[in-house]
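Enquirer: Need coordinates for the following:
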Amino acid sequence: MTPDLSTQYLGLRLRSPLVPSSGPPTADVDSLKRLEAAGAGAVVLPSLFAEQVQSEGLTLVNYLIRAKEQYVEAASYLPEPEEFRIGAENYAELVRQAKRGLSIPVIASLNASVPGRWLASADEIERAGADALELNLYHLAADPAITGSAVEGSDLEVVRAVCARVKIPVAVKLNPFYSAIAHMAASCAAAGARGLVLFNRFYQPDIDLDRLEVRPTVNLSASRDLTLPLRWTAILRGRVAASLALTGGVHSGQDALKALLAGADAAMMCSELIQNGPRGLARALESLRAWMSARGYESVEQLKGSLSHEHCPDPEAFERAQYIKAVSGYHVSALT
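Expert: Okay, here's the model as predicted:
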């Protein structure tokens, strides 16, 4: 019997749990169609940045001048005026084209750190027909005077504002650096989020020794990066009233299976698609299907969350025990 690979995510029925995440592979309709043909259950479009929306009331040159004062980090990666084309209207058109060209759910993406006039773009995205909205919270709190609670409060203000603005389901893409991730996850759900995406990867700058300047870098993920979101997916499964998607390190069917067993409703891929295109997704899906068939699983729903912490009576002790076991069981004989 061929296993049923369908899954529920954000209240949407997905034909498979593999979802291309926000990034270059989802930037145009032709690429989206190839990903759908490869078996994607849904797609997440590239992010519309709040800074891009804020710029629409200004000339582009004036924007780039002011950006140095208002959006220092964004100014380092936004293109020059002649290259700057993306805005809320263009983004809404991408959503419309994707909806016309695909039969699978289309999830839009907004990247922001504080409320602002960009919130109106959420309305446009909803009117354009997006099935859901992913809110990407990218906020680097570098000021020593800003407390953790202030950061969380600010992020939750954004979540509440977006969820109040649209009727489509909203998923929040969290980072792993909150002091109490489980509490923040539950707070996002209480603020109206229907789903959580674990985790946002902060791209780290590097130093160019020849030019003596700081430059942006993009390091693609590897399967070894799966362990952090895997742990928190397992912890949050059944304890937070929200769908869970795991992202960061999903490159194969085995990676996707681990995500599902930990409790994810969807396993999101980006780096694998950048490296290998739609065939990377197709291979992962076939591997997932073969593993399930060999072990008698009839559906994704049957295996989802079976290795989570949901039924553990004392998850804190379980986590501490696993930490002790990992540290005490490590041998260095190969290094001597």
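
Enquirer: what is the rounded mean pLDDT of stretch 147-165?
Expert: Averaged across stretch 147-165, the pLDDT comes to 95.

Enquirer: That one: which residues count as buried?
Expert: Val151, Glu152, Ser154, Asp155, Leu156, Val158, Val159, Arg160, Ala161, Val162, Cys163, Arg165 (16 or more other Cβ atoms under 10 Å). No exception for glycine: its C-beta is placed from N, CA and C like everyone else's.

Enquirer: in what helix or strand does the nearest residue to the first one once chain neighbours are set aside lie?
Expert: Excluding its sequence neighbours, the residue lying closest to Val151 (Cβ to Cβ, 6 or more residues apart in numbering) is Ala141, at 4.8 Å. Applying DSSP states H and E as the criterion places Ala141 outside every helix and strand.

Enquirer: where does Ala141 land on pLDDT?
Expert: 81.

Enquirer: from what I can see it touches Ser149, true?
Expert: No. Using Cβ atoms under 8 Å as the test, Ala141 is too far from Ser149 to be in contact (11.1 Å).

Enquirer: can you give me how far stretch 102-111 is from the chain middle?
Expert: Relative to its chain's centre, stretch 102-111 lies at 12 Å (Cα atoms, centre = their mean, to the nearest Å).

Enquirer: Straight-line length of it, end to end?
Expert: 24 Å (Cα to Cα, to the nearest Å).

Enquirer: is it true that Ala50 touches Trp118?
Expert: Yes. Judged on Cβ under 8 Å, Ala50 makes contact with Trp118 at a distance of 4.1 Å.

Enquirer: joint contacts of these two?
Expert: The contact sets of Ala50 and Trp118 overlap at Leu110, Ala112 (Cβ atoms under 8 Å, 6 or more residues apart in numbering).

Enquirer: about what we covered before: so can I have TSV of the buried residues of stretch 147-165 showing secondary structure and distance to Val44?
Expert: Formatted as TSV, the buried residues of stretch 147-165 follow (DSSP: H, G, I helix; E, B strand; the rest coil; distance: Cβ to Cβ, whole Å):
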residue	secondary structure	distance to Val44
Val151	helix	24
Glu152	helix	24
Ser154	helix	24
Asp155	helix	19
Leu156	helix	22
Val158	helix	18
Val159	helix	17
Arg160	helix	22
Ala161	helix	21
Val162	helix	16
Cys163	helix	18
Arg165	helix	19
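
Enquirer: Could you dump these into TSV with distance to Gln254 added?
Expert: Putting those into TSV (distance: Cβ to Cβ, whole Å) gives the following:
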residue	distance to Gln254
Val151	35
Glu152	34
Ser154	38
Asp155	33
Leu156	35
Val158	35
Val159	33
Arg160	38
Ala161	39
Val162	35
Cys163	35
Arg165	39
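
Enquirer: Closest to Ala245 out of these?
Expert: Val159 (15.9 Å; Cβ to Cβ).

Enquirer: Hmm, that closest one is touching Leu133, no?
Expert: No. Contact criterion Cβ under 8 Å: Val159 and Leu133 do not qualify, at 11.2 Å.

Enquirer: who touches both of these two?
Expert: Going by Cβ under 8 Å, 6+ apart, residues that sit against Val159 and also against Leu133 are Val170.

Enquirer: May I have stretch 282-294 as CSV, with CA atoms only?
Expert: Backbone C-alpha positions of stretch 282-294 (Å, rounded to 0.1, in the frame of the first residue of the first chain) are rendered in CSV as follows:
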residue,chain,number,x,y,z
ALA,A,282,11.7,14.8,-5.4
ARG,A,283,14.5,12.5,-4.1
ALA,A,284,13.7,13.4,-0.5
LEU,A,285,10.0,12.7,-1.0
GLU,A,286,10.7,9.3,-2.6
SER,A,287,13.1,8.4,0.2
LEU,A,288,10.4,9.3,2.8
ARG,A,289,7.8,7.3,1.0
ALA,A,290,10.1,4.2,0.7
TRP,A,291,11.0,4.3,4.4
MET,A,292,7.3,4.5,5.4
SER,A,293,6.4,1.7,3.1
ALA,A,294,9.2,-0.6,4.4
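
Enquirer: distance between it and the chain's centre?
Expert: 23 Å.

Enquirer: before we move on, what about stretch 177-195?
Expert: 14 Å.

Enquirer: Identify the residues contacting it?
Expert: Against stretch 177-195 from outside (Cβ under 8 Å, 6+ apart): 9-11, 132, 135, 148, 151-152, 155-156, 159-160, 163-164, 169-172, 174, 196, 202, 232, 235-236, 239-245, 265.
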